[in-house]
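> This is the structure alone, sequence omitted:
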């Protein structure tokens, strides 16, 4: 009997969706090694492997069979995806072109590595970033530069602005996946893209005000307000937008500071200075990576008070996604400051979800952990933190929490799913 690799669902599926992998036609109890590999758009190779044994009927079902070792161990049906590691160190897996899928090659080899050599079967599994019917529309409206993703259907959808961090450019993969869950999402660039500033020097809130207005005037965006989703530097920008601008209904930040960081923030005749920092306080890990977590000043110190973002001015609720092994920001400390600050000003306590063992870069589900990578602006390897299994669990849970939060506050849906972690 020929060995076959089967996938459920059998065709393409979205990157943030699980897939069931099974191998049929094996001998009872046969030891095998499963390998997964993919290449990104730049040709960088990412690989994972795990050792298994077939059951008494010659079937290997990754939803029932634990991995015996390799890139991971235990019952991990999606381990071959979240445990992918770059062949060259310091490479982070990101999707640069959401209009094409990632092709993941799955191979079954006889025996357990390193002895496993004979190929028994293989399959290619395509994981895409645009759900059926989702439209991708480049946005060049006034000064606004980004890409709008619209779900299928004639009705308007709750709108979200999606901002990434201090590497700049335009990242679309989170916005494109989120649109597949019923949101109109604008992936918004704010520097290092086309005719936008090359460097993060002065940041003007008027630019983001224009982006909010663009969304609220769009016929496919359901008002009266929009949501904000920001990661790292994009997170503190979202906090500023929510605090100073109108039209913001709900805000989610992932590992962000409660003070303005990295560059002065301007709005009309107001300037918020950046949080102080001392580069002499950086450390170097045993692996030679830069660790910046201790360089930042305390936002509560008198010298930094002007950089604090006045969260009490925001009209909508906040969700803070916090990695407890974040080595870029003291995200846990900042979330607690935000909570105490809001309550001291008579506001509701924000929702905060803490994820142990989780590093700075929280992506949608099944992206592998990036413990360290070369920063696009600094050109130096930066330590991000995290442990693969805990990080993977956090990404899956956070993705659901973000959707639940936005559906509740932008759509008026009352069901709230408690965090599993």
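It's in. From a predicted model like this one, the values you see are computed outputs, not experimental measurements.

> use CA for all of it now, contacts and neighbours both
Fine.

> What is the burial count for residue 137?
Residues near residue 137, counting by other C-alpha atoms under 10 Å, number 12.

> Tell me the confidence at it?
Per-residue confidence (pLDDT) for residue 137: 98.

> mind checking how far it is from residue 215?
Distance from residue 137 to residue 215, counting by C-alpha to C-alpha, to the nearest Å: 13 Å.

> same thing with residue 63?
42 Å.

> So which of these two has more stuff around it?
Legend: neighbour count by other C-alpha under 10 Å for residue 63 and residue 215, higher for residue 215 (25 against 14).

> Quick check: chain neighbours aside, which residue is closest to the more buried one?
For residue 215, ignoring the flanking residues on the chain, the nearest one in space by C-alpha to C-alpha, 6 or more residues apart in numbering is residue 221 at 6.3 Å.

> so that neighbour bridges to which residues?
residue 157 (DSSP bridges).

> residues touching it, list them.
By C-alpha atoms under 8 Å, 6 or more residues apart in numbering, the contact list for residue 221 reads 156-159, 184, 215.

> Of those - the most surrounded one?
residue 159 leads the contacts of residue 221 on contacts (other C-alpha under 10 Å) with 32 neighbours.

> what residues does the host helix or strand of that residue touch?
Using DSSP states H and E, residue 159 sits in strand 157-163. For strand 157-163, the external contacting residues (C-alpha under 8 Å, 6+ apart) are 151, 174-175, 182-189, 212, 215-216, 220-223, 225-231, 234-235, 238, 410-411.

> If we use 6 Å, what do you get?
183-188, 221-222, 226-230, 234, 410 (C-alpha atoms under 6 Å, 6 or more residues apart in numbering).

> same thing with stretch 266-276?
Contacting residues not belonging to stretch 266-276 are listed as 204-205, 260-265, 297, 307 [C-alpha under 6 Å, 6+ apart].

> Among the residues you listed, which lie within helices?
In helices, defined here by DSSP state H, the members of these are residue 205.

> who wins for neighbours among the contacts of stretch 266-276?
When neighbours are counted by other C-alpha under 10 Å, residue 260 leads the contacts of stretch 266-276 with 26 neighbours.

> I'd guessed that one sits against residue 307; true?
Yes - counting by C-alpha atoms under 6 Å, residue 260 touches residue 307, with 5.3 Å between them.

> how about the lengthiest helix in the chain: buried residues?
Counting by DSSP H, the longest helix found in the chain is helix 388-411. Neighbour-count burial for helix 388-411, counted by 16 or more other C-alpha atoms under 10 Å, picks out 388-399, 401-407, 409-411.

> same deal with stretch 194-207?
Using 16+ other C-alpha under 10 Å as the burial criterion, the residues of stretch 194-207 that qualify are 199-200, 203, 205.

> One more: stretch 171-181?
171-180.

> In helices, which of the residues you listed fall?
Using DSSP H, these in helices are 173-179.

> quick check, nearest of the residues you listed to residue 59?
residue 177 (32.8 Å; C-alpha to C-alpha).

> What distance do you get for the closest residue to that closest one other than its chain neighbours to residue 22?
Distances taken as C-alpha to C-alpha, 6+ apart put residue 129 closest to residue 177, at 5.6 Å, once the chain neighbours are dropped. Per C-alpha to C-alpha, residue 129 is found 24 Å from residue 22.

> And for residue 8?
With distances taken as C-alpha to C-alpha, residue 8 is found 9 Å from residue 22.

> Which residue of the two possesses the greater neighbour count?
residue 22 (18 against 12).

> is it true that that one touches residue 6?
Yes - taking contacts as C-alpha under 6 Å, residue 22 lies within contact range of residue 6: 5.3 Å.

> Mind telling me which residue is nearest the centre of the chain?
Centroid-nearest residue in the chain: residue 363, 2.0 Å away (criterion: C-alpha atoms, centre = their mean).

> host element of that one?
Of the helices and strands defined by DSSP H and E, none includes residue 363.

> Find the residue closest to residue 33 in space, skipping its chain neighbours.
Spatial nearest neighbour of residue 33, chain neighbours left out: residue 51 (4.5 Å); criterion: C-alpha to C-alpha, 6+ apart.

> ignore the last one, residue 100
Distances taken as C-alpha to C-alpha, 6+ apart put residue 128 closest to residue 100, at 6.5 Å, once the chain neighbours are dropped.

> Please apply the same query to residue 124.
Spatial nearest neighbour of residue 124, chain neighbours left out: residue 105 (4.5 Å); criterion: C-alpha to C-alpha, 6+ apart.

> ok, the one you found to residue 233 distance?
35 Å.

> Which of the two has more residues huddled nearby?
residue 233 (23 against 16).

> my read: the more buried one touches residue 167, true?
No - here residue 233 lies out of contact with residue 167, judged by C-alpha under 6 Å, at a distance of 9.1 Å.

> could you pull out the helices for the stretch 151-300 of the chain?
Ranges of helices within the stretch 151-300 of the chain are 173-179, 205-217, 233-244, based on DSSP state H, counting those that start in this stretch.

> need the ones you listed in JSON lines with mean pLDDT and distance to residue 90, can you?
Shown next, in JSON lines, are the helices of the stretch 151-300 of the chain (pLDDT from 0 to 100; distance: least, C-alpha to C-alpha, whole Å):
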{"stretch": "helix 173-179", "mean pLDDT": "98", "distance to residue 90": "20"}
{"stretch": "helix 205-217", "mean pLDDT": "98", "distance to residue 90": "32"}
{"stretch": "helix 233-244", "mean pLDDT": "98", "distance to residue 90": "21"}
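
> ok, back up a step: pull the contacting residues for the residue nearest to residue 100.
Shown in contact with residue 128 (C-alpha under 6 Å, 6+ apart): 14-15, 101.

> what's across from the residue nearest to residue 124 in the sheet?
Counting by DSSP bridges, residue 105 is bridged to residue 37, residue 124.

> quick one: the strands in the stretch 1-150 of the chain?
Counting by DSSP state E, counting those that start in this stretch, one finds strands in the stretch 1-150 of the chain at the ranges 4-8, 13-14, 20-24, 31-39, 45-53, 60-61, 85-86, 102-110, 119-128, 135-141, 144-150.
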